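**Student:** missing the sequence, but the structure's below:
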């Protein structure tokens, strides 16, 4: 049996960090807005005729093998820890080769680990006979990743990976709900540049420290999150109204507000790249993920995307990524 899965990464436009529990419970109407992109995470499983388990990450250049009789050791295996813990959770009863590959650069801030998580959950669940309904995939992925990063994981990234396209994720006391947004994705494709800065996202941005400060009653942090919530609500409405000028205004206003969370949201090099983009037709930058490196998405004036890309391509340490909005989420194929 051969099982192949893929899932899309995402660009988060608004509401990031408020998706970490329990922060959203303190901000009524909390929501995020993101869209899936065609930089995929892949997982391939091929069953074996023996009891060996072979695990390999192509993009990380790491691999190791174990056996079904030793599957319990994967609970605390430090090598390829996310993959190991997922295999331990599902406990397949046949030997197999597991090979993963990520198209997004490492540390890009595009939710690469959460996306890989969903791709592997889909593959392993099929391997064990569809043990869980797909409605459970996000809960499983979040739970396993939390044990890997050892702090509370946010929720929004799993929804873009599983369902794709453009969406607003709403966080309410009664639960989390994904709302698909009817948006002209051609406009997003034509007006957004995604740049990998050449600096992998680092530990300078610590969402856990921000979370603790919020829970401890830091009024400044609380007020910033109120603004993050309001920005996501406004952006959702602007996208649904196809008010692309207002989209630019909202994203432009959000960047300095976001930087108030931490002085390390951007690095000096990221600030230089932002200045270059703004001087060549970008309206607003959106640092992807937690910042401190990784990717920046630039919302551009109409017809200015190519000019922004050309200016940024002259920077040898940065990479303009080739992407499109992905309308597909998790794809599972059995060959």
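**Tutor:** It's in. For clarity, every value in this text was computed on a predicted model and none was experimentally measured.
**Student:** can you give me the end-to-end span of stretch 64-77?
**Tutor:** From its first residue to its last, stretch 64-77 covers 11 Å (Cα to Cα, to the nearest Å).
**Student:** now that stretch, how far from the centre of its chain.
**Tutor:** Distance of stretch 64-77 from its chain centroid, counting by Cα atoms, centre = their mean, to the nearest Å, is 28 Å.
**Student:** before we move on, what about stretch 187-203?
**Tutor:** 12 Å.
**Student:** do stretch 315-331 as well
**Tutor:** 12 Å.
**Student:** quick one: end-to-end distance for that stretch.
**Tutor:** 35 Å.
**Student:** which parts of that stretch are buried?
**Tutor:** Of the residues in stretch 315-331, 315, 318, 319, 320, 321, 323, 325, 326, 329, 330, 331 count as buried by neighbour count, 16 or more other Cβ atoms under 10 Å. For every residue, glycine as well, the C-beta is placed using N, CA and C.
**Student:** now do the helix or strand in which residue 101 is found: which elements does it pack against?
**Tutor:** For residue 101, the element it lies in under DSSP states H and E is strand 96-102. Applying 3 or more Cβ pairs under 8 Å, 6 or more residues apart in numbering; DSSP states H and E, we find strand 96-102 packed against strand 31-47, strand 52-57, helix 81-90, helix 112-127.
**Student:** that one pairs with which strands, and in what direction?
**Tutor:** strand 31-47 (antiparallel), strand 52-57 (parallel) (DSSP bridges).
**Student:** among those strands, which is nearest residue 261?
**Tutor:** strand 31-47 (14.9 Å; Cβ to Cβ).
**Student:** buried sites along that closest one?
**Tutor:** For strand 31-47, using 16+ other Cβ under 10 Å, the buried residues are 31-46.
**Student:** farthest-separated two in those residues?
**Tutor:** It's 31 and 46 that sit farthest apart of these, by Cβ to Cβ, at 40.3 Å.
**Student:** which of the buried residues of stretch 315-331 lies closest to residue 260?
**Tutor:** Nearest member of the buried residues of stretch 315-331 to residue 260, counting by Cβ to Cβ, is residue 318, at 25.2 Å.
**Student:** I'd guessed that closest one sits against residue 194; true?
**Tutor:** No - applying Cβ atoms under 8 Å as the test, residue 318 and residue 194 come out as separate, 11.0 Å apart.
**Student:** okay then, goodbye and thanks.
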